[in-house]
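Peer 1: Give me a model of this one.
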Amino acid sequence: MALRVTLIQGGGAGLDQARAVKAILNAAGAAIDWDEHLAGWASLERGGEAIPQSLLRSVRDSGLALKTMLLPPPGSAAGPRPENVNFNVQLRRELGLFASLRPLKNLAGLPARFQGVDMLVFRELTEDLYAAIEHEIVPGVVQSIKVVTASASQRFFRFAFQWARSAGRKMVTCVHKANILKLSDGLFLEAFRNTARDFPELQTQEIIVDNCCMQMVSRPQQFDVLVMGNLYGDLVSDLGAGVVGGVSAAAGINFGDGIRVYDSFHGDPREAFGVNHANPLPLLLPAIDLLDAEGQKPIAQRILSAVERVLTERRALTPDLGGQATTTEMSAAIIAALE
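Peer 2: Residues are numbered from 1 along each chain as shown. This is a model prediction of the structure:
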């Protein structure tokens, strides 16, 4: 029976990436019934909603989604206007996604600052400064409120510890700034300590976020599992991706109750690189993780081995990887390398 997966299409690079990923998975023998929906600017420019209700129903029904980056309207990616909403954050809220996992691991053939890195970065998704509670006190003075609750922190930590246990990990490190934010990060840190008591087989440690960043770019191999709040998680997960090779190694999974969204965290409009020149790996790697989690591990491993072979042989690579190939040519090379 085919696996039912919602494909969330945000446009730009995602248009070329999704076509390539579907071709590779099909060639490898993965039986998937795709239910494709537009979101973000890709939906708005066709007269739809940024986050259509039909999309939300599809994800809730299937419990599985593969998502490209949701692009904002042209020219509105930044700035103080309320309408400049981040559609990726909006989708997380609509689906009740509360935790994000970035597996950060070296790919054979992908140049990286460090080798031998294999860590999991967990990020809480519902609170912190990403609650986006802001107001202007008087002209020229703006206040942003950081929200941390015991209930959300405990749910997040219990999920992360359970994942670490099932994955056979040894050490869980909490990243914080409780030396300065004694109440908010102090509460977060206390929830970490309380949860850790229920997982005595796992070692724990605590590290201040600025020291964590220094250690990440000095000796990242020391880390096993990192857990942190929303803002620190955004920064550290991207920093970690840079350590192991950049956007090609920046896949991840967002979790809600009965929902997993396998996510491409980086994307650009086609104008940034041209039609059919997007690197397919930012969407292919989460697709591989999806197959691995859904009982299709042999197929997932075949695709990963093919990716590493193409990277190692340095053939048919897209421009961002140092080659001149199109998305179609790189995906064809990966298909040809399947064993």
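Peer 1: Now do the strands in the stretch 51-200 of the chain.
Peer 2: Assignment of strands within the stretch 51-200 of the chain using DSSP state E, counting those that start in this stretch yields the ranges 64-67, 99-105, 118-124, 128-138, 141-147, 171-176.
Peer 1: among these, which gets the worst mean confidence?
Peer 2: Looking at those, the lowest mean pLDDT belongs to strand 128-138 (a mean of 92).
Peer 1: what's in contact with that strand?
Peer 2: By CB atoms under 8 Å, 6 or more residues apart in numbering, the surrounding residues in contact with strand 128-138 are Val89, Val142, Gln143, Ser144, Ile145, Lys146, Val147, Val148, Gly229, Asn230, Leu231, Asp234. (Glycine included, C-beta is placed from N, CA and C.)
Peer 1: Looking at the strands of the stretch 51-200 of the chain, spot the one closest to Arg158.
Peer 2: Ranking these by proximity to Arg158 (CB to CB) places strand 99-105 first, at 10.0 Å.
Peer 1: Quick check: can you name the pairing partners of that closest one and their directions?
Peer 2: strand 118-124 (antiparallel), strand 251-256 (antiparallel) (DSSP bridges).
Peer 1: Just among the contacts of strand 128-138, which is most surrounded?
Peer 2: The most crowded member of the contacts of strand 128-138 is Gly229, carrying 28 neighbours; neighbours defined as other CB atoms under 10 Å.
Peer 1: So for that residue, what's the pLDDT?
Peer 2: Gly229 carries a pLDDT value of 97.
Peer 1: number of nearby residues for the residue nearest to it when sequence neighbours are not counted?
Peer 2: The shortest distance from Gly229 to any non-neighbouring residue, by CB to CB, 6 or more residues apart in numbering, is to Asp128 (4.5 Å). Asp128 has 23 neighbours, counted by other CB under 10 Å.
Peer 1: now do Ser218
Peer 2: For Ser218, the neighbour count with other CB under 10 Å is 9.
Peer 1: what's the answer for Pro52, then?
Peer 2: Pro52: 14 neighbours (other CB under 10 Å).
Peer 1: Repeat that for Thr195.
Peer 2: Applying other CB under 10 Å, I find that Thr195 has 23 neighbouring residues.
Peer 1: circling back: just send the strands of the stretch 51-200 of the chain back as a markdown table, with distance to Arg165 too.
Peer 2: Listed next are these as a markdown table, based on distance: least, CB to CB, whole Å:
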| stretch | distance to Arg165 |
| --- | --- |
| strand 64-67 | 23 |
| strand 99-105 | 14 |
| strand 118-124 | 12 |
| strand 128-138 | 25 |
| strand 141-147 | 28 |
| strand 171-176 | 9 |
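Peer 1: can you tell which of those strands is closest to Thr326?
Peer 2: Closest among the strands of the stretch 51-200 of the chain, using CB to CB: strand 64-67, at 21.5 Å.
Peer 1: Which neighbouring elements make contact with that closest one?
Peer 2: The contact analysis (3 or more CB pairs under 8 Å, 6 or more residues apart in numbering; DSSP states H and E) places strand 64-67 against strand 3-9, strand 259-264, helix 281-293.
Peer 1: at 6 Å what do you get?
Peer 2: For strand 64-67, the packing partners by 3 or more CB pairs under 6 Å, 6 or more residues apart in numbering; DSSP states H and E come out as strand 3-9, strand 259-264.
Peer 1: Give me the distance from it to the chain's centre.
Peer 2: Distance, stretch centre to chain centre, for strand 64-67: 11 Å (CA atoms, centre = their mean, to the nearest Å).
Peer 1: what does stretch 59-79 give?
Peer 2: The chain centroid and the centroid of stretch 59-79 are separated by 12 Å under CA atoms, centre = their mean.
Peer 1: Return the set of buried residues in it.
Peer 2: Across stretch 59-79, burial judged by 16 or more other CB atoms under 10 Å covers Val59, Arg60, Ser62, Leu64, Ala65, Leu66, Lys67, Thr68, Met69, Leu70, Leu71, Pro72.
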